[in-house]
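J.: Sequence first, predicted coordinates after that:
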Amino acid sequence: MTTMDVISKKDVQTVSDPLKGDADLWADFRVVERLNLAFTQTYVHSLGKYSRFFVELENGRFMATRCLNCQRVYAPPRPLCPDCLKITEWVELLGIGTVETFSVLHFSPGSNADVEALTTPYVLAYVLLDGASTLFPHLLVASPESVHIGMRVRVDYSSGPVFHPIHLMRFVPLEG
Amino acid sequence: MPINEQSRLPVIVGVGVTPFASDRLDSNIRDLVTEAVLDCLADAEVTDIRAIQHGLASYESDHFNRQMTLAAVLHDAVGLTPLPTVRVEGGGATGALALRTAWAYVQSGLCDSILVYGGETNGRSVSSKTANQLFALSADFDWEMMVGGTYTGFYAAMMRAHMQKYGTTEAQFAHVAVRNRRNAGFNPIAQKPMNLTIDDVLTSRAVAEPYKLLDCSLLSDGAAAVLLSTPEWARTHSPKFRKRPGVYYVATGCGTDTMRLGDRYPHIANFRAKHAAAQQAYTMAGITNPLKEIDVAELYDSYSGVELQAVEDLGFVEYGRGGSSVVDGLFDLDGTLPVNTSGGLLGRGAPVGATGIVQAIEIAQQLWGEVDPRRQVQNARRGLTDTHAGIGTISVVNIFERRD
């Protein structure tokens, strides 16, 4: 008889009844084999009608959208005003704003190469850009102790290389 | 047909649940759901699963389970073929939305009985880093996830806005973390009961400020099942139904809000969707003073501060009073309206597809008077569950009543 070799095998064990009842209903099913499996895939991710925002970041321009009906300005952009159901128009903002709320993150999800490169702790800030009606969430590059609600910040553009184009910008304190 | 047709008002015929654990290494999702379903049928004293007319699968993630069309797999595993089935998904609100769907199926006459089962293996099948990435996929991908956001971070930013607006403190929401884990000690299926002090919570390591490790709920493996039916079906098929007080599923509400927190500005300190869901449910149940008219509630404490926001949005206390009311013990086991008697997401655990279902189970068992005496609310006659997806993107409130 030859030795069978399952290369993904993590372990095989006999486990006890987690229900801890008087009788184990599943006594004949307590041997458990587990495998280590990976699941990676690549795919084409369209930025769709958001695309102009990201394309203009490469030119150092911060774009938002405005509803011609209610005049609300969406940053991040919304192609369709959810209140009026009108198609919006692109407008450029100066890229200066105010921190409305924030969190200091001590645990990174490592969602992409740009995030993997961050050192913890880092600051996730929700910024009300001057001229906008909604809050824009992004990294605020500043010492966590210095960040406060009401802090004035500006968009800082990067030439890359970045993994996701949202990282062509970050917020930094307006002063200094 | 009028909504809330009383002759077809769904009753809870039976309930079943697995122990919740960080790693049920002996079981995959099929095994967990099977355990919960067998437990539910035994509770209802229904011996033939084919007497049931419909199935309903409640689970959030294809990623954690590595299985698409899982509803069909589960339906088959528990012997429900060839009966009809449907899958319901609504993020963190999945289980509650599943029950709400079942409510409508029974009310409409589409079926007289429906078995709602749900589960998840959110525990250690993947690393916590991968789990965070998978959960972050339910945020807005390009704008929230790609910048390095996590759900803990979004909730934390929301809580900071609450602190700024109302003067809420970290010690106030630490009280929720302590109380719910203490309550879990009286619940045999709870994943992680703990006896903590406020200081233990405040000094635990920061995850996303102002939230620390002990403010965060659990990643869990587990499953739960509820059998709903018309009163007539229950009388005919469930001997148990005739032996204990009827628990009726009397009201349900659902509200929604924008995907991104920032799009709600300036409403970023509370859950508008939860308020809307509660108002719908209260109207349906004829409730005008929820603090007085509800006896027990299971709230969505994904983070300790979220419960404090919820008691405001649900109208238990005025906006801004969540912190002080929690500290005053209003929602403790011996308080005016005990909440999260089960231990909540913080202490009992939260396998997503089972969460809203196990909340309803806690309420039903409280109304039946069947839970551990140390957490039993005396003479409880009406209970509420509160669950939401995302950061309050989809919110569902369900209300149950005991009618002797």
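T.: Perfect, thanks for sending it.
J.: give me the beta-bridge partners of residue B:92?
T.: Residue B:92 forms beta bridges with residue B:90, as assigned by DSSP bridges.
J.: Residue A:80 too?
T.: residue A:87.
J.: Tell me how many other residues crowd it.
T.: 14 (other C-beta atoms under 10 Å in any protein chain shown). C-beta coordinates here come from the backbone N, C-alpha and C atoms, glycine included.
J.: Same question for residue A:81.
T.: Residues lying near residue A:81 (other C-beta under 10 Å) number 19.
J.: wait, it sits on residue A:71?
T.: No. Contact criterion C-beta atoms under 8 Å: residue A:81 and residue A:71 do not qualify, at 9.8 Å.
J.: Show me the residue at the heart of chain B, geometrically.
T.: Central residue check for chain B by C-alpha atoms, centre = their mean: the C-alpha nearest the mean position is that of residue B:356, 2.9 Å away.
J.: which stretches of chain A form helices?
T.: Ranges of helices within chain A are A:51-57, A:113-116, based on DSSP state H.
J.: chain center to the longest one: distance?
T.: Mean-position distance between helix A:51-57 and its chain equals 17 Å (C-alpha atoms, centre = their mean, to the nearest Å).
J.: Buried residues of it, list them for me.
T.: Within helix A:51-57, the residues that count as buried by 16 or more other C-beta atoms under 10 Å in any protein chain shown are A:53, A:54, A:57.
J.: Nearest residue to the second one in space, please, no chain neighbours.
T.: Computed as C-beta to C-beta, 6 or more residues apart in numbering or on different chains, the closest residue to residue A:54 that is not its neighbour in sequence is residue A:165, at 4.0 Å.
J.: quick one, what contacts that neighbour?
T.: Counting by C-beta atoms under 8 Å, 6 or more residues apart in numbering or on different chains, residue A:165 touches A:47, A:54, A:57, A:58.
J.: Now do the third one, the pLDDT please.
T.: I take that to be residue A:57. With respect to pLDDT, residue A:57 scores 97.
J.: Are there helices or strands packed against the helix or strand harbouring residue B:396, and which ones?
T.: In this assignment (DSSP states H and E), residue B:396 forms part of strand B:394-403. Judged by 3 or more C-beta pairs under 8 Å, 6 or more residues apart in numbering or on different chains; DSSP states H and E, the packing partners of strand B:394-403 are helix B:94-108, strand B:246-256, helix B:272-285, helix B:352-368, strand B:382-389.
J.: Just name the shakiest helix or strand of the chain by mean pLDDT.
T.: You didn't pick a chain, so chain A it is. helix A:113-116 (a mean of 89; mean pLDDT, DSSP states H and E).
J.: if you could check chain B rather than the one you did, that'd help
T.: Min over SSEs of chain B, mean pLDDT, DSSP H and E: helix B:128-136 (a mean of 80).
J.: Excluding chain neighbours, what is closest to the residue nearest to the centre of chain B?
T.: The nearest residue in space to residue B:356 (C-beta to C-beta, 6+ apart) is residue B:95, at 2.6 Å.
J.: how many other residues sit next to the one you found?
T.: So residue B:95, with other C-beta under 10 Å, has 36 neighbours.
J.: if I read this right, it contacts residue B:359, doesn't it?
T.: Yes. Between residue B:95 and residue B:359 there is a contact at 7.2 Å, judged by C-beta under 8 Å.
J.: shared neighbours, these two?
T.: By C-beta under 8 Å, 6+ apart, residue B:95 and residue B:359 have these common neighbours: residue B:387.
J.: so residue B:291, which of the three states?
T.: For residue B:291, the assignment made with DSSP: H, G, I helix; E, B strand; the rest coil gives helix.
J.: can you tell me which residues contact it?
T.: Residue B:291 makes contact with B:315, B:316, B:317, B:336, B:337, according to C-beta under 8 Å, 6+ apart.
J.: swap in residue B:15?
T.: B:39, B:40, B:43, B:224, B:225, B:226, B:227, B:360, B:361, B:364, B:365.
J.: Restricting to those residues, which residues neighbour chain A?
T.: Checked against chain A using C-beta under 8 Å from any C-beta of the partner chain, these give no members in range.
J.: and those residues as JSON lines, adding neighbour count, pLDDT and distance to residue B:136?
T.: As requested, the contacts of residue B:15 are arranged in JSON lines below (neighbours: other C-beta atoms under 10 Å in any protein chain shown; pLDDT from 0 to 100; distance: C-beta to C-beta, whole Å):
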{"residue": "B:39", "neighbour count": "19", "pLDDT": "96", "distance to residue B:136": "33"}
{"residue": "B:40", "neighbour count": "26", "pLDDT": "98", "distance to residue B:136": "33"}
{"residue": "B:43", "neighbour count": "23", "pLDDT": "98", "distance to residue B:136": "37"}
{"residue": "B:224", "neighbour count": "34", "pLDDT": "98", "distance to residue B:136": "25"}
{"residue": "B:225", "neighbour count": "32", "pLDDT": "98", "distance to residue B:136": "29"}
{"residue": "B:226", "neighbour count": "33", "pLDDT": "98", "distance to residue B:136": "30"}
{"residue": "B:227", "neighbour count": "30", "pLDDT": "98", "distance to residue B:136": "35"}
{"residue": "B:360", "neighbour count": "28", "pLDDT": "98", "distance to residue B:136": "28"}
{"residue": "B:361", "neighbour count": "28", "pLDDT": "98", "distance to residue B:136": "29"}
{"residue": "B:364", "neighbour count": "24", "pLDDT": "98", "distance to residue B:136": "33"}
{"residue": "B:365", "neighbour count": "24", "pLDDT": "98", "distance to residue B:136": "34"}
